[in-house]
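[1] Build me a model:
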Amino acid sequence: MQDTFHGVIAFALLAGLLVIGSILRNRIPLFRTMLIPSSIIGGMLGFTLLSMGWFPGYQPSDFTSLTFHFFTLSFMSLCLTGTSRDASLSGGSIMRGGMWLTIIWTISLGLQGVLGYLVIRGYDAITGAGISAWLGAIVTHGFTQGPGQALTYGSLWEGEYGIEHAAQVGLIFASVGFLVAFAVGVPLAKRFISRGLNANKVSRLDETFRSGFYPGERSPITGRMVSHPASLDSLAYHLGLLAVAYVITHVWLVFMQGVVAGAEPGGINLGVLFSHNLFFLHGLGVCVLMRLVIDKVGLSHRVDDESLKRITGSSVDFMVVGTLMSIQFSVLYALLAPIILVAIAVTVATFILCLFIGRLSGKLGYERVLTSFGCCCGSTGTGLLLLRMMDADFSTSVPKELAFFNLAIIISTFHILFIFAPLVPSLGGWGYLAVFGGTALLFVAAIPLMLFRRPSSKTGEVETKGAAS
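    Model prediction:
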């Protein structure tokens with residue numbers, strides 16, 4: 001039985017580091033003042049201890065699969081959660097709000113790639129270091145997409161085109177992106193909350209928020225029992241609902257992989273669309289359909305939304321710790337200077353992009369600023385974690401907008417993610433700039449269309465940009 005414990009202990013390490021992180025957040029004044037999430041503290045501690053060899057028998061790769069599945073669970077549980085009935089917490093159409101997030105993310109995907117490529121080209125011209133500019137280009141797959149995609153495309157570039165260290169640099173950028181998301185995002189959230197710009201007033205800068213723990217006499221009661229504990233514990237019941245969705249998604253993918261095997265219309269390998277690497281995307285669709293059926297047949301009382309929100313929040317915490325523990329130190333040290341230069345350029349550009357467009361999006365615009373910055377510097381899970389600071393119980397419509405956004409970005413960036421990204425080094429410099437830069441410019445041009453007719457913040461009726469001003 002000893003061989004079965006490796007993965008279980010890896011999970012236990014993540015859970016233990018979360019507890020340690022929460023204690024450090026509560027006890028260290030600097031952490032309380034900076035509002036650093038416990039998952040970040042625990043993840044950085046785990047990265048340090050793992051790099052020092054204090055977890056014998058474990059490598060960063062041992063935490064990659066756990067990170068992937070917690071990311072998947074966070075959004076599948078979110079899509080099983082019902083919609084808030086509080087109109088004050090709605091930003092209008094979920095589809096419209098999701099389109100704003102999609103526009104920001106798509107522009108970021110193109111912009112970050114162009115900036116990373118140009119920064120390394122400039123660095124080489126000044127220092128003569130001879131570093132491949134594609135190591136700068138991969139920043140967008142680390143920042144805007146996250147560790148999974150950075151590793152996927154980096155491995156392709158490294159194996160097929162000989163771009164040395166592409167996979168590791170991609171993972172480093174993904175990890176740096178997570179740190180940047182919180183280094184900038186947390187103070188930004190603090191500023192928004194202190195000025196009362198968040199719609200969900202459950203999130204406020206009181207001592208409980210800073211310490212990270214509720215006093216015993218003022219602990220909120222959340223969730224309700226759905227199943228009688230004599231039959232089945234309610235938490236196990238809700239985990240079982242997600243398990244059903246997981247199995248359905250797996251069976252669907254296996255079936256479709258057999259259907260599209262060998263099919264490459266237009267040179268596009270359809271098998272990629274039904275790969276388990278895109279499990280979360282198909283899982284979102286399954287959970288949306290499950291919730292629709294549950295509501296239509298009148299069984300919504302058999303699902304407790306608060307319990308699902310707790311599963312979502314817990315999954316996000318585990319995902320962040322696991323991602324930070326996937327960092328490898330050696331390549332970071334060797335390419336420290338160019339990595340820092342690229343990260344700074346991308347961070348500044350992304351911050352300006354998210355702040356400007358997010359504030360144009362109307363009601364809940366500040367929530368979208370923070371969420372989109374997290375998504376464009378870490379992953380969708382990071383955006384969700386930052387949003388939780390302004391929307392502590394996920395009661396606004398922005399979390400559902402994120403679910404729509406995850407589907408929409410597949411369409412808006414299909415040509416990049418499934419056609420051009422795997423073969424980027426073969427495009428050449430000008431070809432790369434045309435594809436990624438052109439995509440960013442195309443979606444910049446879409447902003448006036450979103451502004452032309454938008455809901456009035458007072459009446460909810462559609463008005464033109466001129467009437468709104």
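
[2] What pLDDT is listed against Lys458?
    Listed pLDDT for Lys458 reads 46.

[3] what comes into contact with stretch 358-373?
    With C-beta atoms under 8 Å, 6 or more residues apart in numbering as the test, stretch 358-373 has contacts from 91-92, 97, 100-101, 104-105, 108, 181, 184-185, 188-189, 192, 197-199, 350-351, 354-355, 357, 383-384, 386-387, 389-391, 396-398, 401-402, 447, 450-451, 454-455, 457. Yep, even glycine has a C-beta here, placed from its N, CA and C like the rest.

[4] which of these count as buried?
    With burial judged by 16 or more other C-beta atoms under 10 Å, the buried subset of the contacts of stretch 358-373 is 91-92, 97, 100-101, 104-105, 108, 181, 184-185, 188-189, 192, 198-199, 350-351, 354-355, 357, 383-384, 386-387, 389-391, 396-398, 401-402, 447, 450, 454-455.

[5] Mind checking which of those residues land in helices?
    With DSSP state H as the criterion, helices contain 97, 100-101, 104-105, 108, 181, 184-185, 188-189, 192, 350-351, 354-355, 357, 383-384, 386-387, 389-390, 398, 401-402, 447, 450 from among the buried ones among the contacts of stretch 358-373.

[6] Can you get me a residue count around Arg359?
    Neighbourhood size, Arg359 [other C-beta atoms under 10 Å]: 12.

[7] what about the helix or strand harbouring it, distance to the chain center?
    Taking DSSP states H and E as the criterion, Arg359 maps to helix 336-360. Mean-position distance between helix 336-360 and its chain equals 16 Å (C-alpha atoms, centre = their mean, to the nearest Å).

[8] pull the CA atoms of whichever helix or strand comes after that helix into CSV?
    Where DSSP H and E defines the elements, the next helix or strand beyond helix 336-360 is helix 365-377. What follows is helix 365-377, C-alpha atoms only, in CSV (Å, rounded to 0.1, in the frame of the first residue of the first chain):
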residue,chain,number,x,y,z
GLY,A,365,-16.5,47.5,-14.0
TYR,A,366,-14.1,47.6,-11.0
GLU,A,367,-14.7,43.9,-10.4
ARG,A,368,-13.9,43.2,-14.0
VAL,A,369,-10.7,45.3,-13.8
LEU,A,370,-9.4,43.2,-11.0
THR,A,371,-10.7,39.9,-12.4
SER,A,372,-9.3,40.5,-15.9
PHE,A,373,-5.9,41.5,-14.5
GLY,A,374,-5.8,38.2,-12.5
CYS,A,375,-6.7,36.3,-15.7
CYS,A,376,-4.2,38.0,-17.8
CYS,A,377,-1.3,37.6,-15.4
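
[9] and helix 365-377, how far from the chain's centre?
    10 Å.

[10] quick one, helices of the stretch 1-150 of the chain?
    5-27, 29-34, 38-51, 64-80, 94-127, 134-137, 139-140, 147-161 (DSSP state H, counting those that start in this stretch).
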